[in-house]
Structures are given as structure tokens and as C-alpha cells.
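J.: sequence and predicted model, in that order:
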Amino acid sequence: MIHPPRFASLFCKRLFSGMGLLLWVIITTSPTLAGSRLLGTGGVTQIEGAAGGGLSPWGVLAGTASEGEWAITANRTEARLDDYRLAVSGVAFNWQDRLEVSFARQRLGLDTLGGDLEQDIHGLKLRLVGDVLYHPWGIWSLGVQHKRLDDGSLARAVGADSTQGNDIYLSGSKLLFDAVAGRNLLLNLTLRSTRANQGGLLGFGGDEKESRSLVAEGSVGLFLTPHWVVGMEYRQKPDNLGFAREDDWQDLYSAYFFNKQVSLTGAWLDLGSIAGLDQQRGGYLSLQVAF
């Protein structure tokens, strides 16, 4: 019998192996096959599988589906830091712009320390109220991400209390029309309750702190054109492990939406100290396709 997380991981690997062959077809697909929301209003896919920026989930749901519609997005992300490599494959389903179901598979290569860490993330996001475009307070969504390490031996060795855990978050997003020199500005705020160390890749809780932390995540994006947005993100982090401090994450990003089916995101990352190795900076590239 195939274990469900293993099946999902295998599905993602097979899906993304054919993405390059599908890319040109999707780029040239008629926009009538996409949802009815405006271009870019579903954001991109963040590293934990939810719709949002690269580092943080937003209040919007995946794709451009509206009420009475549905959408599926698939994503492949690669990040290269000074001492680490992160690869993420994920899929997300949006039902009537009300509920998002997502799955992401993370693999962190420990280039300097040796070995790798792998984690599965199952996500749910429920739109509570509002609309990113026209509601005065934007759109607000409640989400949960269940995270589980494949092999928790390293996490246990460095003092983690558990090898699986749940992040709960509340996210709000609002697009301000003609906000800066006639261009639209996208604002996002996320409050997260978490015990995750380095997003869960080093386990959950620790010898310094076992309980949950409430952390804030924020981002801003300026649409230079209807297809091109640039911005920055900041993500607070808990600091649960005594053997090494955990710094906040930040990035500068640029995302281009070719159409409602394809987007490409690049970013410069500054993730601070990770597992005792300081100044982890590098590049990030993410491809998303929508059906």
C-alpha cells in the first residue's frame, strides 16, 4: 500500500518533470481557460505551498478562480544560499475562491554540513471575508500548515521537542489602486502561531522554548505594469533552540505574470543564521503554472 504523503511526493515529482514541455503550451493558452479574477491577484506560491509571496502566505487564494470556479496551480522553487540548497515542489487547489488545499515537498541540501533534510507540508486556507480589490479592508483568510519531517534524527540531536507540528496563521491582503505614481500597491500582513524551527526543517519546539510563538510577517509589492510586480518581504521567526540562534527572514523580489497561467519569480534572500552558519544569503527562482 502506498503511504499518502509518499504518493503525494511521487505525484509532485512526476508532475514537475513534465513542466518544461507544458510551459510553452500554457503560455499560449487562451485566457478564457483561466479564472475570472484579475491577473496577479492570486500571488505566487510561497515555500510552504500556500498562495502568497516567496516567504509568507497572503490572504489571497491560489490562481484566479472566483465564486463558481476552481483552479489548480503547480510550482517548482529553487533557492541557493551560501551553505544550503532548498528545493520545493507543490500543488494547490482553489475551490470557488473560498477554500485552498495545498501540498508542498521541501528538500534542504546541507552543502557544508553534509546530508539533507526533507519535509512534507499539507495546507488548508479558508477565505473568511473580503476581496483583495474592492473591499475597504481587503481580503482575510485563516490557514493551517501541518508539517512533518521525514527523518527527525538531526532535529532531535540539536534539541527539537518534536518532528511534526502545525502552524496556524491569519493573513490579510489589500490592493491599493493608483497608490504610488499612478501604480497599484499590494500590502500583506500575516500573524502566525508556530513552534517551527527554521520553518520546521529543524523540528518543532526546543530546549530554550517549547511553547508556541506569535510572529508577524509582512510584504509590499508595487505593480510597475499589470504583468510585473517588485517588492520586499519580512518574516519574524521564533528562537527555540539553544545551540544556535534563529534570525528573521527577508527578501527583495520581482515577479512577472506572463498571463493567468504562468508566472516566474526571482528574489534575493537574506535568511541570517541557520544552524550556526551565519549570513545565509543567496538567490531564489520559482516557476508557477495554473490550470
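T.: Everything's here; your move.
J.: now the helices for the stretch 1-150 of the chain?
T.: With DSSP state H, counting those that start in this stretch, the ranges of helices along the stretch 1-150 of the chain come out as 4-17, 19-27.
J.: again but with the stretch 151-291 of the chain, I slipped
T.: For the stretch 151-291 of the chain, applying DSSP H, counting those that start in this stretch gives helices covering 153-157.
J.: and stretch 141-153, how far out from the chain's middle?
T.: A distance of 13 Å separates the centroid of the chain from that of stretch 141-153, by Cα atoms, centre = their mean, to the nearest Å.
J.: got the CA coordinates for that stretch in CSV?
T.: Output in CSV follows, covering the C-alpha atoms of stretch 141-153 (Å, rounded to 0.1, in the frame of the first residue of the first chain):
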residue,chain,number,x,y,z
SER,A,141,-8.0,34.3,5.4
LEU,A,142,-7.3,31.7,8.1
GLY,A,143,-4.8,28.9,7.3
VAL,A,144,-3.2,25.9,8.9
GLN,A,145,0.0,24.1,7.7
HIS,A,146,0.7,20.6,9.0
LYS,A,147,4.5,19.9,8.8
ARG,A,148,6.3,16.6,9.2
LEU,A,149,9.9,15.7,8.8
ASP,A,150,10.9,12.5,7.0
ASP,A,151,13.8,11.8,9.4
GLY,A,152,13.9,13.7,12.6
SER,A,153,17.2,12.4,14.0
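J.: show me where the protein has strands.
T.: Taking DSSP state E to define them, one finds strands in the chain at 44-45, 51-52, 70-80, 84-95, 99-110, 116-130, 139-149, 164-180, 183-194, 213-225, 228-235, 249-257, 262-270, 281-290.
J.: quick one: the fourth one to strand 116-130, angle?
T.: Taking axes from the mean of the first three to the mean of the last three Cα atoms, to 10 degrees, one finds that strand 84-95 is oriented at 30 degrees with respect to strand 116-130.
J.: and for the last one?
T.: For the pair strand 281-290 and strand 116-130, the angle between their directions (the same axes, to 10 degrees) equals 60 degrees.
J.: now strand 281-290: average pLDDT?
T.: Strand 281-290 comes out with an average pLDDT of 96.
J.: for it, give me every contacting residue.
T.: 19, 22-23, 26, 34, 42, 44-45, 54, 62-64, 71-82, 251, 253, 260-271 (Cβ atoms under 8 Å, 6 or more residues apart in numbering). Using the backbone N, CA and C atoms, a C-beta is placed for each residue, glycine as well.
J.: now a PyMOL select for only the buried ones of those residues.
T.: Selection of buried members from these for PyMOL, criterion 16 or more other Cβ atoms under 10 Å:
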select buried, resi 19+22+23+26+34+42+44+45+54+62+63+64+71+73+74+75+76+77+79+80+81+251+253+260+261+262+263+265+267+269+270+271
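J.: beta-bridge partners for the nearest residue to residue 80 once chain neighbours are set aside, please?
T.: Closest residue to residue 80 apart from its sequence neighbours, by Cβ to Cβ, 6 or more residues apart in numbering: residue 282 at 4.8 Å. Bridge pairing for residue 282 (DSSP bridges) gives the partners residue 269.
J.: roughly how far apart are residue 282 and residue 266?
T.: According to Cβ to Cβ, to the nearest Å, residue 282 and residue 266 sit 12 Å apart.
J.: center of the protein - which residue?
T.: In the chain, the centroid-proximal residue (Cα atoms, centre = their mean) is residue 46; its distance is 1.5 Å.
J.: touching, that residue and residue 55? I think so.
T.: Yes - assessed by Cβ atoms under 8 Å, residue 46 is found in contact with residue 55 at 6.2 Å.
J.: list of residues touching stretch 208-217?
T.: Under Cβ under 8 Å, 6+ apart, the answer for stretch 208-217 is 55-57, 159, 161, 189-195, 205, 233-242.
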